[in-house]
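Colleague: Curious how this folds, go ahead:
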Amino acid sequence: MGYSKTMPVLLSGLPLVFLPVSDVLADDEKTISALDPIVVTATLGPKTVGESLSSVTVIDKEDIDRQQPAEFQDILRAQPGVNVVSDGSYGKTTSVFLRGAGSSGTVLLLDGIRLRSATAGIPPWQFLPPELMERVELVRGAKSSLYGADAVGGVIQAFTLEPEAGRQGWAELSGGSHDTREVTTGLAGREGRSAFLASGVFSDTDGTNLRAGGEDKGFRNAGGLAKLSHNFDQGGGAGLTVFQSEGNTEFEGGDTDFMIRAMGFYLEAVASDYWRTRIQFSGSRDEQDTFGTYPSVYNTQSRSARWENTLTAGVHEVVLGSEFMIDEVEGSDQFAENSRSNSAVFGQARLNFDANELMFSLRLDDNEAYGKEETGGIALGHQFDRSHRLRLSYATSFKAPTFNDLYLEIPSDFGSYLGNPDLDPEKGQMMEIGFSGRYDSWFWDAAIYQNDVDDLITFVFDPATFDSTMENVETARIRGVEVSSGFETDGWNLAAAVTYADSENRDTGARLPRRAERNLRLDVDRLFAQWSLGASFIAESDRYNDPANTSLLPGYGTVDVRAAWNFLPGWSASFKVDNVLDRRYATSQGNDSVTFEPFDYLAAGRTFMASVRYDFKQ
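Modeller: Residues are numbered from 1 along each chain as shown. Coordinates of the predicted model:
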């Protein structure tokens, strides 16, 4: 994994400015290894992976370009601690389980802007075009003391494209299996202290059959990104980000028109040598209109304002801030309440004592729907020598009940669903110990963790009346081991990750549904002067589709191969074959809308994609 000569300086996620690394690091002689990149999601400020006191995986632009992902979920599959579950390929409903937490227990940030459906609570993973992404950070572990509700398993932050110095532009044409077509264009520039970027991608595919004997189900997506930023002479800066993804996805029983939008504005000032203050405003929309057997309209909107103050005293740092958020929903179904607000105050202290480092974090959330929640964390790091580091941490978290859990009302003559406004948030306690080694050309990292979650929000059905609701009735224990390693030398790039996770419903003794116990990922690439070759092997063990553990989905393994060639100045071509062995597998099941019989949601078999790209720079 590599790093850029420029880096985003972030507080609470939104990119502030891009500065040379030497302007950010206190020690000009400090060397940043390509295998120990800067991360910003794990703490409220830039640190290397080794310094973050968290388990972190970074997928940078070089990694993304080499892997040539067809969907955003392809970047995440079988990474340390990650389970990806999808109702088929090409824009179908996708859930990400990070360290065994539920599909709504992982926070997704896009340039610091939170994306999720307030009704279902699940981020729109399937609608993010990977072509507009520059970098992805996976932070594993409870992070509610930094990011509030739902960071039970961790936080995944996607950073969009950033302009380089001077002016640049690009255009790419792609085509492949299932009549898949894609066009990507962009223009960007950085002059002095100002920068801009505009990029768009359009993709269309006939898709594949989602069930045995079924018809192909297509996907169409048009994504756009626009960014402006300016750095002030005296330090700080201002910037604006606008992102949108819209289109249509077909599924068994109908299709959905979707629109995902995120907007963010920040303003930062340097008040003194010891005080930096920053305010940000952001908003996101998730609109989905579904047609077919069960038509529905769900539109949700979130708006937030956040103020942070970073105070430094030598090698020590304190961050104090506040945040206000409003969620609003509307749709074809009835909600007893259609809005709620959340106020929060938070703080973080990083104290450095030579080879030892301490971090404390505390946050208080006050939500008008479910009341007050306090979360905190403490972490200790010890540097044995230049290469080896130990980290210990304990943190609490909570997952907020969604609007569907609290307020949704669906009357019926055959049994009604009523949300439960008395629900409490789910609460988690995670302990972790990690050890890492980082050297000139390779690294390794190992972590052991346990997360105990109480008051799981569970669907409860009354067979006598056919009525249903949600209740806090269950507890869970999730514990696991994660081991990862990477190697870079003489044109070789290797990355490996192995995960074992034991997730148990403590009330029933059953495994939590849709989580595989064992994952393996291996990426190997060989870079030459003008071309490259690579392959990825991904394997996952079996999983149960249902809470009762009656429906078992077998494990699987896939092999992807890829190649790229810079055949003329500015011109490049790439080719990829996914699932070379044509394995047909499923990570989830559905039920037939007529017979109610279960069926497997099949992933795509062998597919190929070829692209031609032109880049120019001034």
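Colleague: residue ranges of the helices in the stretch 51-200 of the chain, please?
Modeller: Using DSSP state H, counting those that start in this stretch, the helices of the stretch 51-200 of the chain run over 61-67, 72-76, 144-147.
Colleague: Tell me which of the ones you listed sits most buried.
Modeller: helix 144-147 (a mean of 26; mean count of other Cβ atoms under 10 Å). For the C-beta atoms, the positions are set from N, CA and C on the backbone; glycine is no exception.
Colleague: related to what we said a few turns ago, which one, of the helices of the stretch 51-200 of the chain, ends up nearest to residue 45?
Modeller: helix 144-147 (10.9 Å; Cβ to Cβ).
Colleague: pLDDT (mean, whole number) over the closest one?
Modeller: Averaging pLDDT along helix 144-147 gives 94.
Colleague: that older thread, residue 557: which of the helices of the stretch 51-200 of the chain is closest?
Modeller: helix 72-76 (15.4 Å).
Colleague: any residues touching that closest one, and which ones?
Modeller: 59, 64, 67, 69, 82, 84, 86, 94, 96, 125-126, 128-130, 133, 136, 138, 156, 158 (Cβ atoms under 8 Å, 6 or more residues apart in numbering).
Colleague: In CSV, list the helices of the stretch 51-200 of the chain along with distance to residue 265.
Modeller: Formatted as CSV, the helices of the stretch 51-200 of the chain follow (distance: least, Cβ to Cβ, whole Å):
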stretch, distance to residue 265
helix 61-67, 24
helix 72-76, 24
helix 144-147, 19
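Colleague: hey, C-alpha coordinates of stretch 225-238 in PDB?
Modeller: C-alpha atoms of stretch 225-238 as PDB (Å, rounded to 0.1, in the frame of the first residue of the first chain):
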ATOM      1  CA  LEU A 225     -18.500  14.800  -7.900                       C
ATOM      2  CA  ALA A 226     -17.600  18.500  -7.600                       C
ATOM      3  CA  LYS A 227     -15.100  20.000  -5.100                       C
ATOM      4  CA  LEU A 228     -13.700  23.500  -4.500                       C
ATOM      5  CA  SER A 229     -11.200  24.500  -1.800                       C
ATOM      6  CA  HIS A 230      -8.900  27.400  -0.900                       C
ATOM      7  CA  ASN A 231      -6.200  27.600   1.800                       C
ATOM      8  CA  PHE A 232      -5.700  30.800   3.600                       C
ATOM      9  CA  ASP A 233      -2.300  32.500   3.800                       C
ATOM     10  CA  GLN A 234      -2.300  32.500   7.600                       C
ATOM     11  CA  GLY A 235      -3.400  28.800   7.800                       C
ATOM     12  CA  GLY A 236      -6.700  27.000   7.700                       C
ATOM     13  CA  GLY A 237      -9.000  27.100   4.700                       C
ATOM     14  CA  ALA A 238     -12.500  26.600   3.300                       C
END
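Colleague: following the helix or strand containing residue 342, which helix or strand comes up?
Modeller: Secondary structure from DSSP states H and E places residue 342 in strand 339-353. For strand 339-353, the succeeding helix or strand toward the C-terminus, using DSSP H and E, is strand 356-367.
Colleague: doesn't residue 223 fall inside a helix?
Modeller: No: using DSSP: H, G, I helix; E, B strand; the rest coil, the assignment for residue 223 is strand, not a helix.
Colleague: does it have beta-bridge partners, and which?
Modeller: Beta bridges link residue 223 to residue 201, residue 245, judged by DSSP bridges.
Colleague: Next, work out how far apart it and residue 615 are.
Modeller: The spacing between residue 223 and residue 615, counted by Cβ to Cβ, to the nearest Å, is 19 Å.
Colleague: higher neighbour count, the two?
Modeller: residue 223 (22 against 15; other Cβ atoms under 10 Å).
Colleague: any idea how far the more buried one lies from residue 528?
Modeller: For residue 223 relative to residue 528 (Cβ to Cβ), the value is 32 Å.
Colleague: Residue 612 touches residue 173, doesn't it?
Modeller: Yes: assessed by Cβ atoms under 8 Å, residue 612 is found in contact with residue 173 at 5.5 Å.
Colleague: Just give me the longest strand of the chain.
Modeller: strand 468-489 (DSSP state E).
Colleague: Count the neighbours of residue 560 for me.
Modeller: With other Cβ under 10 Å as criterion, residue 560 counts 21.
Colleague: any idea which residue sits dead centre in this structure?
Modeller: residue 156 (3.1 Å; Cα atoms, centre = their mean).
Colleague: Okay, and the beta partners of it?
Modeller: residue 108, residue 138.
Colleague: Can you name the residues that contact it?
Modeller: 76, 96, 98, 106, 107, 108, 109, 136, 137, 138, 139.
Colleague: Mind putting those into CSV with distance to residue 217?
Modeller: Below are the contacts of residue 156 laid out as CSV (distance: Cβ to Cβ, whole Å):
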residue, distance to residue 217
76, 22
96, 21
98, 27
106, 26
107, 29
108, 24
109, 29
136, 27
137, 32
138, 29
139, 33
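Colleague: list the buried ones in stretch 306-323?
Modeller: 306, 308, 309, 310, 311, 312, 317, 318, 319, 320, 321, 323 (16 or more other Cβ atoms under 10 Å).
Colleague: mind exporting that stretch as CSV, just the C-alpha atoms?
Modeller: Output in CSV follows, covering the C-alpha atoms of stretch 306-323 (Å, rounded to 0.1, in the frame of the first residue of the first chain):
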residue,chain,number,x,y,z
ARG,A,306,-20.1,20.4,13.9
TRP,A,307,-17.7,22.7,15.7
GLU,A,308,-14.2,21.5,16.7
ASN,A,309,-11.3,23.1,18.6
THR,A,310,-7.9,21.4,18.6
LEU,A,311,-5.5,22.5,21.4
THR,A,312,-1.9,21.5,21.4
ALA,A,313,0.8,21.6,24.1
GLY,A,314,4.0,20.2,22.9
VAL,A,315,3.4,16.6,22.0
HIS,A,316,0.0,16.5,23.7
GLU,A,317,-3.3,17.3,22.0
VAL,A,318,-6.8,17.9,23.1
VAL,A,319,-9.9,18.1,20.9
LEU,A,320,-13.2,19.7,22.2
GLY,A,321,-16.3,20.0,20.2
SER,A,322,-20.1,19.9,19.7
GLU,A,323,-22.4,18.5,17.1
